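**Student:** give me a model of this one.
(one chain, ligands or ions: 2)
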Amino acid sequence: MGNKKKVLFSGIQPSGVLHIGNFLGAIKQWVPMQDEVDEAIYCVVDLHAITVPQDPKELKENILKTTATYIACGIDPKKSSIFVQSTRPEHTEMTWLLNCHASIGELSRMTQFKDKTVSGKEQASTIGLFDYPILMASDILLYQSTHVPVGDDQKQHVELARNIAQRINNKYGEIFTLPEPVIKKSVARVMGLDDPTKKMSKSAGSGLNYIALDDGADDIKRKITKAVTDSGSEVKSGPDKPALTNLLNIYSEFSGKSVTDIEVEFAGKGYGEFKSSLAEVIIESLKPIQKKYEEVISDKAGLIKILNTGTEKIAPIAHKTLRELKEKIGLGL
Ligand code: ADP
Ligand code: TRP
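**Tutor:** Ligands and ions are numbered 1, 2, ... in the order given. Got it, this is the predicted structure:
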């Protein structure tokens, strides 16, 4: 990426509990990156959350809870800007401008829309859900982002943002920086504990699917004990062992040990011993995050101040990009 200013942008929807998939696949990658880029921006994407029904009171609470989780996981408001998407009107305005440069065909190919709609009932879903990737492209392009750390499921959306940016640059001249997704392979898709063929997700049917960041020790032990394993008894990863591969990747990420070292440590020891050690590793890793979360969430005024400072800091960047694009398109007086 040469000498270009490095701008990181990422976001999570404030639509309920965050789980260790969100943490390992996204937030944990964000923390060291704060020191590696020139500008780090973390958004609480509330406009994305309303693409599916939300309870207004819960949504409001979840906005602050998600902000507190960012901070508890290590996002430092002194180094990074944290803000709430709906507090910057540039995002919706940019979405309209990008809408007029994107086709129904390319949006129809987005797999998340297909996953989130019930087959045969696509006509009943909202236009917002269909247009969700364009709102995400607006988030990314408004800040001239270069680095977008996400889990694997969002890669297609970042690529769409890049394609639209390229198209607009070709048509009107250089306006947008082309973004790149940043994806860590081993945790790009943390799989469900109850079904290692599907990604861990808060919208999964069973609470045994995921470990929430605020789960207590007993819940973590119970969920890991009940986690699906593969046939056999060896603690080994491999293409024919999807469940163990997933558990080993989780162990490795939380402990900092390599998968090979963990395999050696548990050679000949069986699943039971491995699982109780894994539960301990997760419990100990989440403890400081949970402690910090309680501290941060109890100071609502402090959180709002952080969000207001964040949104003011980044406003000029969004404003400038939007103004330039409108000018090039020929809008206004
Ligand atoms: P969910 O799928 O649980 O609703 P979100 O869509 O809000 O989660 O995802 C927020 C961030 O966390 C995104 O960057 C997404 O790619 C990442 N993420 C979500 N689930 C996983 C997972 N199981 N493994 C890795 N990353 C994930
Ligand atoms: N769509 C992302 C998700 O569900 C969240 C998101 C919105 C995002 N805007 C973004 C992620 C911009 C990265 C960059 O996970």
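**Student:** near ligand 1, which residues of the stretch 201-333 of the chain? Just list them.
**Tutor:** Within reach of ligand 1 by Cβ under 6 Å from any ligand atom, the stretch 201-333 of the chain has these residues: 201-203. Any C-beta I mention is one placed from the backbone N, CA and C, and that applies to glycine too.
**Student:** could I get those as TSV with pLDDT, secondary structure and neighbour count?
**Tutor:** Below are these laid out as TSV (pLDDT from 0 to 100; DSSP: H, G, I helix; E, B strand; the rest coil; neighbours: other Cβ atoms under 10 Å):
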residue	pLDDT	secondary structure	neighbour count
S201	90	coil	17
K202	82	coil	15
S203	80	coil	11
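**Student:** tell me where this protein has helices.
**Tutor:** 20-22, 28-33, 46-49, 56-72, 90-99, 104-108, 111-116, 127-142, 155-172, 217-226, 242-255, 259-265, 270-297, 300-329 (DSSP state H).
**Student:** and S81, which of those is closest to it?
**Tutor:** Nearest of those to S81, taken as Cβ to Cβ: helix 300-329 at 4.0 Å.
**Student:** quick one: mean pLDDT over that closest one.
**Tutor:** Taken as a whole, helix 300-329 has a mean pLDDT of 98.
**Student:** try stretch 186-195
**Tutor:** Across stretch 186-195, pLDDT averages out at 91.
**Student:** so which of the helices of the chain comes closest to ligand 2?
**Tutor:** When those are compared by Cβ to the nearest ligand atom, helix 127-142 sits nearest ligand 2, at 4.0 Å.
**Student:** as TSV, the residues of the stretch 201-333 of the chain next to ligand 1 with distance to S86 would be great.
**Tutor:** Output for those, formatted as TSV (distance: Cβ to Cβ, whole Å):
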residue	distance to S86
S201	24
K202	21
S203	22
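**Student:** burial count for P179?
**Tutor:** By other Cβ atoms under 10 Å, the residues close to P179 number 23.
**Student:** these two touch, right, it and L160?
**Tutor:** No. Assessed by Cβ atoms under 8 Å, P179 is found out of contact with L160, at 10.5 Å.
**Student:** contacts only, for the nearest residue in space to T225 that is not next to it in sequence.
**Tutor:** Distance criterion Cβ to Cβ, 6 or more residues apart in numbering; nearest residue to T225, sequence neighbours excluded, is K275 at 6.0 Å. By Cβ atoms under 8 Å, 6 or more residues apart in numbering, K275 lies in contact with 224-225, 227, 247.
**Student:** okay, these in CSV with pLDDT next?
**Tutor:** Compiled in CSV, the contacts of K275 are given as follows (pLDDT from 0 to 100):
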residue, pLDDT
I224, 98
T225, 97
A227, 97
L247, 97
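**Student:** tell me the buried residues within these.
**Tutor:** 224, 227, 247 (16 or more other Cβ atoms under 10 Å).
**Student:** what sits against the first one?
**Tutor:** Going back to what we said before, that points to I224. With Cβ under 8 Å, 6+ apart, I224 has these contacts: 193, 211, 247, 275-276, 278-279, 282.
**Student:** now with 7 Å?
**Tutor:** 275, 278-279 (Cβ atoms under 7 Å, 6 or more residues apart in numbering).
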